[in-house]
Every structure is written in C-alpha cells, then in structure tokens.
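In: 3D, please:
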Amino acid sequence: MSRPSANGEAVVEVLTTVHRRRWTVAEKVQLVQESLQPGMNVSYVARKHGISPSLLFRWRKLMSDGGKAAVQADEQVVGAGEVRALKKRIRDLERMLGKKTMEVEILQEAMEIAREK
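Out: Numbers count the residues shown, from 1 in each chain. Now for the predicted structure:
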C-alpha cells in the first residue's frame, strides 16, 4: 500500500507477519479426521482453521502412509523422534559397555601381574 509523504514522494509500507504455528499430533489427527468426514473437503477444513490446504493434504498422506506401513509390517508405527532418542540411548549404552570392557581387561591384566609376583 502506498501513500504520499510530506515531500510528495510515494512511501510504501510493507507489513509482514511471521506466524508459524506449531500443531500438536492430537490437533493434526483431529483436523485430518475432520477433513475425512462425509460432506467435508480439505479446502473447507483448512480455511476454517487458517492453514494451507496443501499442509492438510500432507498430513493426510503422512497418516495414510504410516498406517499402510504399519499394516504391511504388521507392527506398530513409531515416530521419528522416538527412533532418534532410542538410537542415542543405544550409542550411549554401547559407549558405556566399551568403557566397562576396557576396565575388566585392565583389571584382569593387573591380577595376572599380581599373581606372577
């Protein structure tokens, strides 16, 4: 939007908002389920909640793909965050196991030296 300034030059105002909302898993599921109700469509639900229809389509696809993966594997689907946390825990435990293994080897060598004397 432009308006004239005191000296007659046009002044342009640029208004921006940085609004990035974080959606909980429960909220995403609720919106996806709402969009799947008979008589509802993605565009209406997205507009109603102030999100992009492409985002809602993406959530629907992710939920669908996750469900398909669970059915194909005949297992429960685990979130990526949980997988990362479990992998970190495994690395930590492996590191601790390595340290304890070294301690045992050092103690065994010390006992052999003590027996020789």
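In: From Leu36, how far out is the most centrally placed residue in the chain?
Out: Nearest residue to the geometric centre of the chain (CA atoms, centre = their mean): Gly81, 5.8 Å. Noted for Gly81: a distance of 25 Å to Leu36, by CB to CB, to the nearest Å. Heads up, the C-betas are built off the backbone N, CA and C, glycines and all.
In: So which residues of the protein form strands?
Out: Assigned by DSSP state E, the chain shows strands spanning 2-4, 10-12.
In: shaky segments in this protein?
Out: Where the chain drops to pLDDT under 70, the residues are 1-6, 8, 15-19, 67-77.
In: how about a cut-off of 80?
Out: 1-21, 65-80, 117 (pLDDT under 80).
In: Spell out, range by range, the helices that occur in it.
Out: Remark: helices assigned in the chain by DSSP state H are 25-35, 42-49, 53-73, 80-116.
In: what's the first one packed up against?
Out: In other words, helix 25-35. Judged by 3 or more CB pairs under 8 Å, 6 or more residues apart in numbering; DSSP states H and E, helix 25-35 is in contact with helix 42-49, helix 53-73.
In: Distance check, Met111 against Met102.
Out: Taking CB to CB, one finds Met111 at 15 Å from Met102.
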